[in-house]
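J.: below is the sequence, then the predicted model.
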2 protein chains.
Amino acid sequence: MERFFSQRARDVRRSVLRELLKFTQRPEIISFAGGTPDPGTFPWEELADIAAREIREDYARALQYSTTEGDTGLREELLKVVRADGIEAELDEIVITTASQQGLDLIARTLLDPGDVVYVELPTYLGAIQAFRAVGARLVGIPLEEDGMDLDALRERIAADKARGERAKFIYVIPDFQNPAGVRWSEGKRRELLGIAAEEDLLVVEDAPYRALRFAGGPIPSLKALDREDRVIFLFTLSKILAPGLRIAALIGSEGIVDKIVAMKQAADLCTPALTQALAREFLRRHDLEAHMEKIRACYREKRDRMLAALGRYMPGGVRWTEPEGGLFLWVTLPEGVDTERMFPKALERKVAYVIGAPFFVDGSGRNTMRLSFAIATPEEIEEGIRRLAEVVKEELAALSAPAQL
Amino acid sequence: MERFFSQRARDVRRSVLRELLKFTQRPEIISFAGGTPDPGTFPWEELADIAAREIREDYARALQYSTTEGDTGLREELLKVVRADGIEAELDEIVITTASQQGLDLIARTLLDPGDVVYVELPTYLGAIQAFRAVGARLVGIPLEEDGMDLDALRERIAADKARGERAKFIYVIPDFQNPAGVRWSEGKRRELLGIAAEEDLLVVEDAPYRALRFAGGPIPSLKALDREDRVIFLFTLSKILAPGLRIAALIGSEGIVDKIVAMKQAADLCTPALTQALAREFLRRHDLEAHMEKIRACYREKRDRMLAALGRYMPGGVRWTEPEGGLFLWVTLPEGVDTERMFPKALERKVAYVIGAPFFVDGSGRNTMRLSFAIATPEEIEEGIRRLAEVVKEELAALSAPAQL
């Protein structure tokens, strides 16, 4: 069979994470591993009514093929949503994608040839790593600090890559409450990044799935809102603010980019489901998105607070974690020498699960890190789960500091 | 901007057809151009009920992420459907795709490197041409006869390509009521094709969107049902028998292929919408698909009959057309010298539209052909539209046979 596979198929592997995640779904396990939002935040009553009505009253559209660029009414509604956040774009600068994963895939196929360089954060989103590697890109990781990417390190890497004649295409960042690390970029670093992109003539891909889920701290403009040169491709999704089961996202960029992305999408899946587009369009038309998001933010704020308090209460010294002002994730760094993949089975034994950090690092580092989601567990489970996890960490640290057996 | 595009993005073009189709949507035009099914065949009442109930009673699943391989219950239902058609497959041999266009795209990315050869019918489905060309495949067209591909020509081309050291991966065919030509392969040719694939160690991709829409002629087994060597990758879609707006299809193949396709799909769109999967699953569980399909077949049979009768009544001598026993399309070949692209504006003037044939031919031939869909127009519109089209053809033939002006 092997002879039939393309080079990229031979290279592709199902992710380690995927395999580990299977173990975390046993009901007795308190899992901080998933990346999914809390189903309690889904506006299911509204969506049930809309679905029935759209299918009954508009089935010739809701159940038919859509256009490749997406339902015009939905694109108009999404433009209003991002306009309220400072982003000005026209109808020919937005395309609906089958969630943001497809946006990342279409960007990869539209912009990247094998060997092209993409700068990413250390750590960064796993789905982006997969999409960019699937077309043979070379991913260069730049350390993430508390207020965003280490931009001096970025400048040095760009200079070094240029000196070697490497061809770089774009910088991929998740500036708001990043998956996995929960970090938010400062406004200063955002402006500086755009300056670097202009100097070096690079594009910027801004992935913003958690941007609307800010439950602490003041507003900071998106890169796209600050962008005066049409360098930023902005990925906006309804997965975390309505429901991921709709698979509705939008890619916003210059008309030239969007035109190519549409041509690529034609070959990829022809169009995103008309039905889920109709649901999103009518929700945005008939309901108050901002009021809905306030409810979601309150839900996640409470859970984050509970997790932070539990970490403070139970974790031993030497363990550090981020204090995210939004999103679903919190990032834990254990003392050097701890390997969270090796520790994973011990956590499962204690009936608690997390996501190992290393797969999020394109340079192979991060073995002592882990991602914790506070989205799915109840506040009580969060308390108990962190208590169990702290026990595992303490044992691991004790084992590490014990004299080696001869 | 150009410097940022990948090689494949530079090569990709929005299709000519797409641009032509825009002209056909004016309400005064009788269009045989679209490729969409008749919305009157959508089971919208059932789907409206199911949508409301699934979202209300099972929102934590229907609105959440699905798995990449797809909803297990839906895969089981689809396996039952194809089992009734002679195809035996297990759960790890089927993956849900965001309609069959994604199936074609994932096949392309999983199996094809630039320069790899794919054998296709002349003419063949445009979406397949796009997906395979997007990864740089070399498409070799083999003439389609009334009972399927000219297999002697296929043998010759395979031998010639082997002699030149070309690497061929698979043969792509639409054996049942092909889009665009409406042709159905004989059982003899199906068996012979599988023999050739075995001899030459090639895979076969069988695209079967219209297979269930048989309204005349007896049953003929699918290639997949005849396949004893796991060489056939079978694409099955609900787009033409439920509704295309769901974007639900399945790819069925050997476990090794399906495993790679799933890994590729993870990077492409992570998962197909859980909601549209739930709708398809519950329709198949609660309703009689066969009874539903009987209604659809009756609808298209009537329209086909009307179109065949009108063609016989109005078309001048020298014009030939297929008499499809299923599907949505009928294929018209005009006398040599007529160029259906050149004729197209004249048809629009007479307020009738078709799809030009040439884009379906990977070798650039077929300029005197056109595809007519009988799916969307009413029987009355079919009668009147064919009458108009025949007038255009007669004028074109008269102009061709007139002495050249000096």
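T.: That came through fine. Residues are numbered from 1 along each chain as shown, chains lettered A, B, ... in the order given.
J.: what helix or strand is A:Leu21 on?
T.: Assessed by DSSP states H and E, A:Leu21 sits inside helix A:16-23.
J.: mind giving me the packing neighbours of that helix?
T.: Counting contacts by 3 or more CB pairs under 8 Å, 6 or more residues apart in numbering or on different chains; DSSP states H and E, helix A:16-23 packs against helix A:340-349, strand A:355-356. Quick note: C-beta positions are derived from backbone N, CA and C, even for glycine.
J.: any idea how far it is from the chain center?
T.: 18 Å (CA atoms, centre = their mean, to the nearest Å).
J.: need the next SSE after it, C-terminal direction.
T.: From helix A:16-23, the next helix or strand downstream (DSSP H and E) is strand A:30-31.
J.: figure out the helix or strand that the most centrally placed residue in chain A lives in.
T.: Geometric centre of chain A, nearest residue: A:Asn179, 4.6 Å, by CA atoms, centre = their mean. Using DSSP H and E, A:Asn179 maps to neither a helix nor a strand.
J.: excluding covalently adjacent residues, which one is nearest to it?
T.: A:Tyr125 (5.1 Å; CB to CB, 6 or more residues apart in numbering or on different chains).
J.: isn't the one you found up against A:Val173?
T.: No - contact criterion CB atoms under 8 Å: A:Tyr125 and A:Val173 do not qualify, at 9.9 Å.
J.: overlap of the contact sets of those two?
T.: A:Asp207 (CB atoms under 8 Å, 6 or more residues apart in numbering or on different chains).
J.: neighbour count winner among those two?
T.: A count of neighbours by other CB atoms under 10 Å in any protein chain shown puts A:Val173 above the other of A:Tyr125 and A:Val173, at 28 against 24.
J.: tell me what the more buried one is bridged to.
T.: Residues in a beta bridge with A:Val173, per DSSP bridges, are A:Glu206.
J.: near chain B, which residues of the stretch 251-400 of chain A show up?
T.: Contacts of the stretch 251-400 of chain A with chain B, taken as CB under 8 Å from any CB of the partner chain, map to A:254, A:256-257, A:259-260, A:262-264, A:266-276, A:279.
J.: from those, which would you call buried?
T.: A:254, A:257, A:259-260, A:262-264, A:266-276, A:279 (16 or more other CB atoms under 10 Å in any protein chain shown).
J.: so of these, which ones are in helices?
T.: Counted as lying in helices by DSSP state H, out of these, are A:257, A:259-260, A:262-264, A:266-268, A:274-276, A:279.
J.: export those to JSON lines and tack on pLDDT?
T.: Formatted as JSON lines, these follow (pLDDT from 0 to 100):
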{"residue": "A:Ile257", "pLDDT": "96"}
{"residue": "A:Asp259", "pLDDT": "95"}
{"residue": "A:Lys260", "pLDDT": "95"}
{"residue": "A:Val262", "pLDDT": "95"}
{"residue": "A:Ala263", "pLDDT": "93"}
{"residue": "A:Met264", "pLDDT": "95"}
{"residue": "A:Gln266", "pLDDT": "93"}
{"residue": "A:Ala267", "pLDDT": "93"}
{"residue": "A:Ala268", "pLDDT": "96"}
{"residue": "A:Ala274", "pLDDT": "97"}
{"residue": "A:Leu275", "pLDDT": "98"}
{"residue": "A:Thr276", "pLDDT": "98"}
{"residue": "A:Leu279", "pLDDT": "98"}
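J.: by mean pLDDT, flag the weakest helix or strand of chain A.
T.: In chain A, no helix or strand scores lower on mean pLDDT, DSSP states H and E than helix A:16-23, which sits at a mean of 72.
J.: please save the CA atoms from it in CSV.
T.: The C-alpha trace of helix A:16-23 is given here as CSV (Å, rounded to 0.1, in the frame of the first residue of the first chain):
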residue,chain,number,x,y,z
VAL,A,16,0.3,11.8,19.9
LEU,A,17,-2.2,14.0,21.6
ARG,A,18,-5.1,12.4,19.8
GLU,A,19,-4.0,9.0,21.0
LEU,A,20,-3.5,10.3,24.6
LEU,A,21,-6.9,12.0,24.5
LYS,A,22,-8.6,8.7,24.1
PHE,A,23,-7.6,7.6,27.6
